[in-house]
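Kindly generate the corresponding structure for this input.
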Amino acid sequence: MTRSVLWAISVVGIAGGAIAWATSREPVQTKPPAPYISKASGVVFEDRNKNGVRDNGEPGLAGVRVSNMRDVVKTDRNGKWELGSTDDMIFYVVKPKGWMTPVDKDNVPRFYYIHKPAGSPKLKYESVKPTGPMPASIDFPLTRTKETDTFTALFFGDTQPRDLREVDYLGADIIEPLIGKADEHAFGVTLGDIVFDDLSVTEPLVQKIGLIGIPWYYVLGNHDINYDVADDRMSDEHWERMFGPSYYSFDYGPTHFVVLDNVVWTGAENTPDKKGFYRAGLGEEQLQWLKNDLETVPMNQLVVFMMHIPINEIEDKEELFKLMMPRPY
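Below you'll find the model as predicted:
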């Protein structure tokens, strides 16, 4: 059985900048995951009136995958799910074929819930505000949508504007010609380096891309992280505010799409020049999540991996290849 996806548009950029890139023969080391201290639970349901809230008569959906970026579970016959939690965790629903999550005013899919009671630490760029106590039920709304086995999607690479003027360049040259053609494309993805270090540019760019009028997913790049943090675990605080999890998956038509975060930030304090550097890696926690995610995907289903740094540069790529090896597609 063969599958095909037409990659309609690819805007290719060149990564660069003042932050150093480093490679090493040593395995990528990231902090071990914090132990679970509580549980989170909720329901995945059919949002028939599309108001984002579960109302009377809106049924739970069985067999839908939910993740906390470590484990992956399926909802029971009533649409209920349960996962372990820490005080810094993102829960999300894996969009199934034929269903869609809500999108915000800029067409960014909102398929997740951030549990960060204390919020992000004070950083240069605005990050996650305190979310408060764990909700009694974290519910994910889905609405039915028509998806065909053959479709087109738009892919941008390294949009990377340095300022608002360059956002306007992108708008005029790339985005405006796509406006009014939403029915031609299923969704879009920007494959990292959304912006160029100045994270305040992210929101204006996202607003501009949102004018295309289709759901638009984002992949983390090395120019999209918080540089003013001590280690990789805190490097995506601004990203979480804008887009939620830095790695996740979703289905569209016959295809399982996997977004990976392969940027590992060392922290400026850990380098002699105090500038910091990044490496290409996945880390043990993300690889375990990926293993759990793929265990829910049939062997004959096409899997498309989306990441910023080329796969051959990932330092723990052998572990990734082991997970891919049994899969023919």
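
Need phi/psi at the nearest residue to Asp106 once chain neighbours are set aside.
Spatial nearest neighbour of Asp106, excluding adjacent residues (Cβ to Cβ, 6 or more residues apart in numbering): Gly210 at 3.3 Å. Quick note: C-beta positions are derived from backbone N, CA and C, even for glycine. Dihedral angles of Gly210 (phi, psi; degrees, to the nearest 10) stand at phi -60, psi -20.

Over to Gln288?
Backbone torsions of Gln288, given as degrees, to the nearest 10, read phi -70, psi -40.

With Leu199 instead?
phi -70, psi -10.

before we move on, what about Tyr169?
The phi and psi values for Tyr169, taken as degrees, to the nearest 10, are phi -60, psi -50.

OK, contacts around it?
Residues in contact with Tyr169 (Cβ atoms under 8 Å, 6 or more residues apart in numbering) are Pro161.

How many neighbouring residues does the residue nearest to Asp106 have?
Residues near Gly210, counting by other Cβ atoms under 10 Å, number 19.

what does Asp197 give?
Burial of Asp197 is recorded as 16 neighbouring residues (other Cβ under 10 Å).

and what of Met69?
By the criterion of other Cβ under 10 Å, Met69 has 23 neighbours.

Read off the pLDDT value for it.
We have a pLDDT of 97 for Met69.

cool, and Ile314?
Looking at Ile314, its pLDDT reads 95.

And the one 3 residues further on, by the same measure?
According to the predicted model, the pLDDT of Lys317 comes to 95.

list the contacts for it?
Ile311.

Number the chain from 13, please
Let's use 13 as the start, then, which means that last one is Lys329.

For stretch 307-323, buried residues please.
Under the neighbour-count criterion of 16 or more other Cβ atoms under 10 Å, stretch 307-323 has 309, 313-316, 318-321 buried.

Dump the residues you listed into CSV; add distance to Asn274, pLDDT and secondary structure as well.
Output for these, formatted as CSV (distance: Cβ to Cβ, whole Å; pLDDT from 0 to 100; DSSP: H, G, I helix; E, B strand; the rest coil):
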residue, distance to Asn274, pLDDT, secondary structure
Val309, 20, 98, coil
Gln313, 22, 97, coil
Leu314, 21, 97, strand
Val315, 16, 98, strand
Val316, 15, 98, strand
Met318, 10, 98, strand
Met319, 5, 97, coil
His320, 6, 97, coil
Ile321, 5, 95, coil
